[in-house]
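Chemist: How does the following fold in three dimensions:
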Amino acid sequence: MKYREIYLMITELCPNRCEYCYIRNRANPKTISMDTVDNVIKKYNPNRVILFGGEPLADFDMYKAIVKKYYGQFKMQVVTSTSVNFKEFIEFNKKYPMNEVQLSWDGFNHNRLNAGKEDTSIKTFNNILHAMYEGLRFDIKAVISNHNVRQLISLHELFKKFQSHGISGQFVIAHRDEYTDNFYKLLEENLICTFDLDKMYTDHLNKIIAYLNKDDNFSSCDGGNYIVIDPDGRESCCTALSQEKSLVMTPDEIKKPCLDPECKSCKYSYLCDGGCRYERYNAFGDKWRYHKLESTCKVVRIYNDTIEKWLSSLNAFERKRLLETIQRYKSYLHDYYS
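Modeler: Model prediction:
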């Protein structure tokens, strides 16, 4: 079988302790072996390989070995928090540039603490500025949670400024079932301000396309579309589910709809399929297929209502701009996976 994408978890080791992270043993120093990497590449013949962790740069020697051995054979991408070996990475990347570099930063808040309980947001931001100065091409991915939802508008404005320097800022809503009532209130108030034709987010575009087509192909869980290899060589069809050693789920199983009775007649089903399988399994055990995540339902309702409100506010020229943006995005997806 050929997967378009392979996620290689170089190591689970990470100096950070982000509370929403699904990696359980972030003190585990074990590194994926080159034999495992070779076997997986031969088996699946991917179009793209994503190097992640943990923190993939925590074992910088293995990172460099993989990149050097396979450079140019397929597209390569790295996801890093910039927390370790980042300046060395920038210099190495000048010789072996990644097709895409994703830097993780959630704004100025206490969302990302290191193992010593220290806030890493300012250090990461300084690393971002250094990367810009060095000419690194990269994207920024922010995870929105209780800690930074009130900063959503300021984060959006900062991402618009980054955009003028060729840097794409993106954000996603954390899918952990731990939101406060105030989180939903602030999300409902602030989300519409991030629907901006001058700065469109891929997650927004996915949901807008799904809303217009009433089709969940763009917006529902993408687990099962790629394969994840952990440091032990274990395969799974989802990055989060890679942590559930006792749960083996096939791509077909992960794509099955939620069997919660309320989901069958739900008007928001085009945006939702019950919530993250990993979180549902943690919450409901073997009965996870029959239960939705209420937190997902609340977030999806907010998204649906926001999309309806925003679309109704657009004039004819703005709707034309939106459709052109959607076409460019679809072309980007085609190039990304080709």
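
Chemist: Could I get the CA-only coordinates of the helix or strand containing residue 310 as PDB?
Modeler: For residue 310, the host element (DSSP states H and E) is helix 294-313. Backbone C-alpha positions of helix 294-313 (Å, rounded to 0.1, in the frame of the first residue of the first chain) are rendered in PDB as follows:
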ATOM      1  CA  GLU A 294     -19.600  17.300  23.900                       C
ATOM      2  CA  SER A 295     -16.700  19.800  23.700                       C
ATOM      3  CA  THR A 296     -16.400  19.100  20.000                       C
ATOM      4  CA  CYS A 297     -20.100  19.700  19.500                       C
ATOM      5  CA  LYS A 298     -19.900  23.100  21.200                       C
ATOM      6  CA  VAL A 299     -16.900  24.200  19.100                       C
ATOM      7  CA  VAL A 300     -18.500  23.000  15.900                       C
ATOM      8  CA  ARG A 301     -21.700  24.900  16.700                       C
ATOM      9  CA  ILE A 302     -19.700  28.100  17.200                       C
ATOM     10  CA  TYR A 303     -17.800  27.600  13.900                       C
ATOM     11  CA  ASN A 304     -21.000  26.900  12.000                       C
ATOM     12  CA  ASP A 305     -22.800  30.000  13.400                       C
ATOM     13  CA  THR A 306     -19.700  32.100  12.800                       C
ATOM     14  CA  ILE A 307     -19.400  30.900   9.200                       C
ATOM     15  CA  GLU A 308     -23.100  31.700   8.500                       C
ATOM     16  CA  LYS A 309     -22.700  35.100  10.000                       C
ATOM     17  CA  TRP A 310     -19.500  36.000   8.200                       C
ATOM     18  CA  LEU A 311     -20.700  34.700   4.800                       C
ATOM     19  CA  SER A 312     -23.900  36.700   5.100                       C
ATOM     20  CA  SER A 313     -21.900  39.900   5.700                       C
END
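
Chemist: Who are the packing partners of it?
Modeler: Helix 294-313 sits against helix 181-190, helix 202-213, with contacts defined as 3 or more Cβ pairs under 8 Å, 6 or more residues apart in numbering; DSSP states H and E. All C-beta spots, glycine's among them, are computed from the backbone N, C-alpha and C.

Chemist: which of those helices is buried the deepest?
Modeler: Among the helices and strands packed on helix 294-313, helix 202-213 has the highest mean neighbour count (mean count of other Cβ atoms under 10 Å), at a mean of 18.

Chemist: which helices and strands sit right next to that helix?
Modeler: Helix 202-213 sits against strand 168-173, helix 294-313, helix 316-337, with contacts defined as 3+ Cβ pairs under 8 Å, 6+ apart.

Chemist: Which of those sits closest to residue 143?
Modeler: For these, the distance to residue 143 is smallest for strand 168-173, at 6.0 Å, taking Cβ to Cβ.

Chemist: neighbouring contacts of the closest one?
Modeler: 139-145, 152, 155, 158-159, 162-163, 187, 194, 199, 201-203, 299 (Cβ atoms under 8 Å, 6 or more residues apart in numbering).

Chemist: From the residues you listed, which land in strands?
Modeler: Secondary structure from DSSP state E places 139, 140, 141, 142, 143, 144 of the contacts of strand 168-173 in strands.

Chemist: Just give me the closest of those residues to residue 18.
Modeler: Of all the ones in strands among the contacts of strand 168-173, residue 18 sits closest to residue 143, with 7.6 Å by Cβ to Cβ.

Chemist: how many neighbours does the residue nearest to that closest one when sequence neighbours are not counted have?
Modeler: Nearest in space to residue 143, with sequence neighbours left out and distances taken as Cβ to Cβ, 6 or more residues apart in numbering, is residue 174 at 5.0 Å. Residue 174 has 25 neighbours, counted by other Cβ atoms under 10 Å.
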